[in-house]
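Undergrad: Fold the following for me, if possible:
(chains A and B)
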Amino acid sequence: MRALVSIFGLSVLLIVVSEGSVWAQPYAVDFTRDVQPILAMHCYQCHGPGDAASGLRLSSREGATEPANSGLPAIEPGDAAGSELMRRITAESIFERMPPEDPGLTDEQIEVLRRWIDQGAPWQDHWAFEPLEAPAVPEVEDADWVRSPIDAFVLARLQQNGLTPAPPADRLTLLRRAYFDLTGLPPTPKAVADFLADDSPDAFERVVDRLLESPHYGERWGRHWLDLVRFAETNSFERDSLKPHAWRYRDYVIRSLNEDKPYDQFLREQLAGDEGDNPTADSIVATGFYRLGIWDDEPADRLLARYDHLDDLIATVSQAFLGLTINCARCHDHKIDPITQQDYFQLLAFFHNVTPMAKEGPQIEVPIVLEDGSSAHALAISESGPRPPETFLHVRGNPRVPGSAVEPGFPEVLTSEPPVIPTPAEDARTTGRRTVLADWIASPDNPLTARVMANRIWQHHFGRGIVASPNNFGSNGLPPTHPELLDWLATQFIAHEWRLKAMHRLIMLSNTYQMSSQGDSLALQQDPANDLFWRFDLRRLGAEEVRDAVLAVNGRLNPQMYGPGFFEEISAEVLAGQSRPGSGWGKSPPDQQARRSVYIHVKRTLLTPLLEAFDLADPDSSCDARFETTQPAQALAMLNGKFMNDQAAHFAERLRREAGDDRLAQVRLAWQLALGREPDEASQRDALALFDTLQQHGVQPDKALDYYCLLVFNLNEFLYLD
Amino acid sequence: MRGSFCGRTRREFLWQVGGGFGAVALTGLFSHDGFPRASADDGIGGFVNPLAPKPPHFEGPAKSVIFLFMYGGPSHVDTFDYKPELYDLDGKTVQVQTKGRAGARNQGRIVGPKWDFRQYGQSGQWVSDLFPNVAQCVDDIAFLKSMTADSPLHGSAMLMMNAGRITSGSPCLGSWVTYALGTENENLPGFVVMLDPTGGPISGAKNWSSGYMPASYQGTILRSQGVPIIDLNLPPGMTREVQRELLNSLRDANQRHLASRADQTDLAARIATYELAYQMQQHAPEAVDLARETSETHALYGLDQPRTADFGRRCLLARRLVERGVRFIQIYSGGAHNDDNWDAHDDLVKNHNYHAGNTDKPIAGLLKDLKRRGLLDQTLVVWGGEFGRQPTAEYAEGTGRDHNSFGFTMWMAGGGIRGGQSVGATDELGSAAVEQPMHVRRLHATILHQLGLDPNRLTYFYGGLDQKLVGVEHVTPIRQIIA
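TA: Below is the predicted model:
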């Protein structure tokens, strides 16, 4: 028998599993995966944790099965036909139908609810808040394909849906994929030749190991982290003034990743690296995390601005570290998730003693001693002594209407154990509260931390997380496509001492990672979004990758790491948009401007236009997944922009230098450098024909090569990875 | 508020999380919710332009918006908010609560209005001598005389007027509008910003940022002279013919690459964007070519006078863009700092004579031109700054006024607005809105409403919340001014 249809939330709707499969079992709707997202998206706004309109609360089984104000329960378990909920969601009359706004539930959603109720309306608590346990690795037929437990999880779902994994990617594709994934840079022609010539079984494994040791690894994966913590080096607003020494935080991130620092330690340092017995320069720099957000140095309302700033911390910590949108509970209980306003202010209490942001001075500039013994300053946290201010709940989020007093505490839905806050010494610099928070977050017992990070690691290898809303593991986030796989990865992550590099190996050495991106008509029909991972997703290079790859290919990339950022040349037209054109922007020498994009000085009101066109993260708040737009502004920048034309000319120079004047030799080298392969015959023919045509148009030979190089940078094969 | 977690926001959510969602998947998602998506009707297959036109929530009169942004904060009591009693109080110290750049004060020295007011039009609206030409159009204008904003400081107040919040990171009005409606002409940007020759406003690009939305919805700076759009001109030395040859060769190579990846819609879309970019290069210069306008039109906008030529050029350009289907156009009067804009802290007379003198004729020309061409009904024109100014002096000497976000005047015309009326009022000094105070959110709600959008239903899922331009509380448009 055939399995059919698989899109978000409906994966099991029409599935009839083949007999004999390990998955063969009576068809059942899964509450977490199929039902709760529908209720959360369409019902909770009025009938959820925050609101029980008409006496109906659909966020708990009791609420859903007890009589509402109408006297009828919404759900009669086991009897969909007799359930008021079914009558209302299928009602013809717009006065009766729920949800009231257009366009109502889809037929598929209604069918899910009908089956679920008929099956007795089994209820489960939200998956992400359940304790983490290692699931059993499924046994599958056709186990030949299973090289890693990851493959077993993926293959089981594919088989369940009657799909087969795509064939392995060819070696060049795999190599380019691995290079860009781990370093954000293309392989050199020599690296390609070596790999293609190496037919030993562990050839790819050795490539992965080598790339993990490359210093470029931290530059690539550090950038993912910088997106999450809204890294920027200025404050935004009217003056968009400089955050002193912010680049040290960027360096700390890159260095930590290159050292494969355990993730739990990485989190602890950022949250509370200044506390404890032995703060190091590194752990103090890490607390620059608290100082990275937007900050209005001349707020209209100082009190409100103070709490806006704390809200930025709560939003960033809860979304980036916990995958929770606790920030939604600032003014009232969370409408969807079981997060209360009390939870919000209990979390705020951990940060309440943090000194406000400033432009400069000891509040934010903390002395450190560097490895070489010299002294310097770091952008870092400070607190105003051991006695924190009292924290009150703000009625409707208004800081001028204090409610009841609250103590530091963790969200109730995640733990019932209250934090134990030590009493700090009289002369302590801080309250020690943040260490307590850090220990709770960076703990294997926290149900979210490892899951959230394991998901991010998967996300940056496959272009999308198992949970496709990486900052939101709550009920209005997207459910995991492979919940067991996610939990397995999370437990592996902890077992490997929270080290990312072990996870990269684990993932990249799986057959799942090594599949081709080739289409398959059956799979395309059944799972066009590739939720089941039947192939590897093609992806466009990210903003930094585009710029860095161009510099790598034309040979100008300056590998200098660390230190203050540089100023990319920005055209006068763009600078004219500033109220003081050029203000806060410097001029860096050409070799500095050839450094990797992660070292561009991040000024919030003046982002590099080329990078912006390719969907650079907006640095004002945590960015968990960049957009991947396709728009004419990209084509204009790539064709007409000064940077691209300059770099094309440098590329041409390199080709002349290394391949001489022979056109064919130049074209072949261009392809080897940019694409890692020889041009096929048609491409060679077209290239030579283009040179002829350009000559007829009177284009000088050198200029013609510049133009050809520009064309190569615009090839889809250059900008996309299979 | 209710029901906003319907398919629309979930679709945006899916899009936001990006990754492997190609154009085809998007088209599918778009088609079965409240916003069916028209495909780009440009003869180029495979490309779903995020700016392709989309239907509104309901039929609204306005198709385009021209926002004339008087950056720095024009004084309402010297322009459109007539306060007869204020003249006699000139120089006297009165008890009045003010809050501005200089902080909060409880008393101050009144600066009497420095210009006379007269009544104009059949409706008898009061306009000062700063705007004798705009005064001729008052029967088409609805004055909002009780505006309020959350901040009396430029940086945060600019963000509020442009993006609805006093903190940065949110999408601007123009981003919301192009996100919701796309634009009618895909050969031009949908959200265009024209800056003052003295420079950009405070916070620069944050004033036309798409914030947490994709960069597709961010404002594009359009210049009235020289190269209109960044990277639109060919690189030095390249001809259009040569570029065509390059593009042909590029297309052939990309098609070859696509052949074995036929299901990858992103690749096809990318090929299409090069053709669209090529067309933009052709169409944009035509759109900004004012030589195609008659000398009578030039004179109507004040292009024949040095004082008004620059702002007039940008107003005329705005009309040409509206004709070509551009959705949202913002023109700045004033740039940079201090007296380069309306921020009259020192010499009010000099400052306002200068800025009003530069803009009065062009604004009137724009309104008259739109009207005679039948475009005013579908073009919403908005005038105002990020706040107004205090009735009292900021310093011991001189006529300069400090900022005032407790009460100020803005106006709207066209786009289904009933002109010839004033709504709301400030107190007798003009220091605060007392009658029907109208927050900036209501101005935004009215703009969205005139475009056929329900401000309380226009949402974008971000950070765990259905974000709205007008915030979480229900906001109603200003009904009195809607025709």
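Undergrad: which residues of chain B score low on pLDDT?
TA: Applying pLDDT under 70 to chain B picks out residues B:1-47.
Undergrad: Name the residues of the helix or strand that contains B:S249 that come out as buried.
TA: B:S249 is part of helix B:240-259, with elements assigned from DSSP states H and E. Buried residues in helix B:240-259, counted by 16 or more other CB atoms under 10 Å in any protein chain shown: B:V242, B:Q243, B:E245, B:L246, B:L247, B:S249, B:L250, B:A253, B:N254, B:R256, B:H257, B:L258. Heads up, the C-betas are built off the backbone N, CA and C, glycines and all.
Undergrad: The fourth one and chain A, how far apart?
TA: In this view, B:L246 and chain A are 6 Å apart by CB to the nearest CB, to the nearest Å.
Undergrad: Repeat that for the last one.
TA: Between B:L258 and chain A the distance, using CB to the nearest CB, works out to 7 Å.
Undergrad: what's the closest non-adjacent residue to that residue?
TA: Counting by CB to CB, 6 or more residues apart in numbering or on different chains, B:L258 lies nearest to B:L267, which is 5.0 Å off, once chain neighbours are set aside.
Undergrad: did I read that right, that neighbour in a helix?
TA: Yes - under DSSP: H, G, I helix; E, B strand; the rest coil, B:L267 sits within a helix.
Undergrad: which residues touch it?
TA: B:L267 makes contact with A:L538, A:N716, A:Y720, B:N254, B:H257, B:L258, B:R261, according to CB atoms under 8 Å, 6 or more residues apart in numbering or on different chains.
Undergrad: where does A:V550 fall, helix, sheet strand or coil?
TA: Strictly by three-state DSSP, A:V550 counts as helix.
Undergrad: how many neighbours does the closest residue to it other than its chain neighbours have?
TA: Distances taken as CB to CB, 6+ apart put A:Q647 closest to A:V550, at 4.9 Å, once the chain neighbours are dropped. The number of residues packed near A:Q647 is 22, by other CB atoms under 10 Å in any protein chain shown.
Undergrad: repeat for the one 10 residues further on
TA: When counting by other CB under 10 Å, one arrives at 10 neighbours for A:R657.
Undergrad: How about the one 5 residues further on?
TA: Burial of A:D662, expressed as a neighbour count using other CB under 10 Å, amounts to 10.
Undergrad: what separates it from A:F691, distance-wise?
TA: For A:D662, the distance to A:F691 equals 11 Å [CB to CB, to the nearest Å].
Undergrad: what residues are shared contacts of the two?
TA: The contact sets of A:D662 and A:F691 do not overlap (CB under 8 Å, 6+ apart).
Undergrad: How about the contacts made by the closest residue to B:D116 other than its chain neighbours?
TA: Nearest residue to B:D116, sequence neighbours excluded (CB to CB, 6+ apart): B:D129, at 5.3 Å. Contacts of B:D129 were listed using CB under 8 Å, 6+ apart, and they are B:W115, B:D116, B:F117, B:R118.
Undergrad: Write down the beta-bridge partners of the third one, one by one.
TA: Same thing as B:F117. B:S128 (DSSP bridges).
Undergrad: what's the neighbour count on it?
TA: Burial of B:F117 is recorded as 22 neighbouring residues (other CB under 10 Å).
Undergrad: ok, now the second one?
TA: The burial count assigned to B:D116 is 10, neighbours taken as other CB under 10 Å.
Undergrad: Surely A:L226 and A:I254 touch.
TA: No - A:L226 is beyond contact range of A:I254, at 9.1 Å (criterion: CB atoms under 8 Å).
Undergrad: between these two, what contacts are shared?
TA: Joint contacts of A:L226 and A:I254 (CB under 8 Å, 6+ apart) are A:V598.
Undergrad: if you skip the residues just before and after it, what's nearest to A:L575?
TA: Nearest to A:L575 is A:P581, by CB to CB, 6+ apart, at 4.4 Å.
Undergrad: Chain B contacts on the stretch 101-250 of chain A?
TA: Residues of the stretch 101-250 of chain A lying close to chain B by CB under 8 Å from any CB of the partner chain are A:E101, A:D102, A:P103, A:T106, A:S236, A:F237, A:E238, A:R239, A:D240.
Undergrad: what's the lowest-pLDDT member of those?
TA: In terms of pLDDT, A:D102 ranks lowest among those, with 62.
Undergrad: those strands in chain A, which residues are they?
TA: With DSSP state E, the ranges of strands along chain A come out as A:365-369, A:375-379, A:391-394, A:402-406, A:539-540, A:720-721.
Undergrad: Can you tell me which of those is most buried?
TA: Each of the strands of chain A was scored by mean neighbour count; the highest is strand A:539-540, a mean of 22, by mean count of other CB atoms under 10 Å in any protein chain shown.
Undergrad: Wondering if that one reaches chain B at all.
TA: Yes - contact of strand A:539-540 with chain B (CB under 8 Å from any CB) involves A:R539, A:R540.
Undergrad: go on, stretch A:350-369?
TA: No - Stretch A:350-369 lies apart from chain B when judged by CB under 8 Å from any CB; the minimum separation is 13.1 Å.
Undergrad: ok, and for that stretch, which residues are buried?
TA: A:F350, A:F351, A:H352, A:N353, A:V354, A:M357, A:Q363, A:I364, A:E365, A:V366, A:I368.
Undergrad: Spit out the contact partners of the residue of the stretch 301-450 of chain A at minimum distance from chain B.
TA: Nearest residue of the stretch 301-450 of chain A to chain B (CB to the nearest CB) works out as A:T325 at 2.5 Å. Residues near A:T325 by CB under 8 Å, 6+ apart: A:A315, A:S318, A:Q319, A:H334, A:D337, A:I339, A:N471, A:N472, A:G474, B:G463, B:G464, B:L465.
Undergrad: so can I have TSV of the residues you listed showing neighbour count and distance to A:P215?
TA: Formatted as TSV, these follow (neighbours: other CB atoms under 10 Å in any protein chain shown; distance: CB to CB, whole Å):
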residue	neighbour count	distance to A:P215
A:A315	23	32
A:S318	28	32
A:Q319	25	29
A:H334	29	42
A:D337	31	40
A:I339	27	40
A:N471	30	28
A:N472	27	33
A:G474	26	37
B:G463	17	34
B:G464	26	36
B:L465	19	39
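Undergrad: Grab the nearest non-local neighbour of residue 362.
TA: Here I'm looking at chain A. Nearest in space to A:P362, with sequence neighbours left out and distances taken as CB to CB, 6+ apart, is A:S382 at 7.2 Å.
Undergrad: hmm, I had chain B in mind actually
TA: The shortest distance from B:P362 to any non-neighbouring residue, by CB to CB, 6+ apart, is to B:G312 (3.8 Å).
Undergrad: what residues are up against residue 206?
TA: Using chain A. Counted by CB under 8 Å, 6+ apart, A:R206 has contacts A:D198.
Undergrad: let's do chain B instead
TA: When contacts are counted by CB under 8 Å, 6+ apart, B:K206 is found next to A:S236, A:F237, A:R604, A:T605, B:M158, B:L159, B:A163, B:S168.
Undergrad: which residue packs closest to the one residue in the stretch 351-483 of chain B that gets nearest to chain A, ignoring adjacent ones?
TA: Here the stretch 351-483 of chain B gets closest to chain A at one residue, B:G464, 2.5 Å apart by CB to the nearest CB. For B:G464, ignoring the flanking residues on the chain, the nearest one in space by CB to CB, 6+ apart is A:T325 at 2.5 Å.
Undergrad: Give me the pLDDT value at that neighbour.
TA: 93.
Undergrad: and if you look at A:E573?
TA: For A:E573, pLDDT reads 88.
Undergrad: So the chain: which segments form each domain?
TA: Defaulting to chain A. Segmentation of chain A into domains, based on automatic domain parsing, reads A:31-124, A:223-441, A:640-721.
Undergrad: nope, chain B please
TA: With domains defined by automatic domain parsing, chain B comprises B:7-48+B:231-282, B:64-228+B:288-454.
Undergrad: Redo those as JSON lines? Include distance to A:Q492.
TA: Formatted as JSON lines, the domains of chain B follow (distance: least, CB to CB, whole Å):
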{"stretch": "domain B:7-48+B:231-282", "distance to A:Q492": "22"}
{"stretch": "domain B:64-228+B:288-454", "distance to A:Q492": "33"}
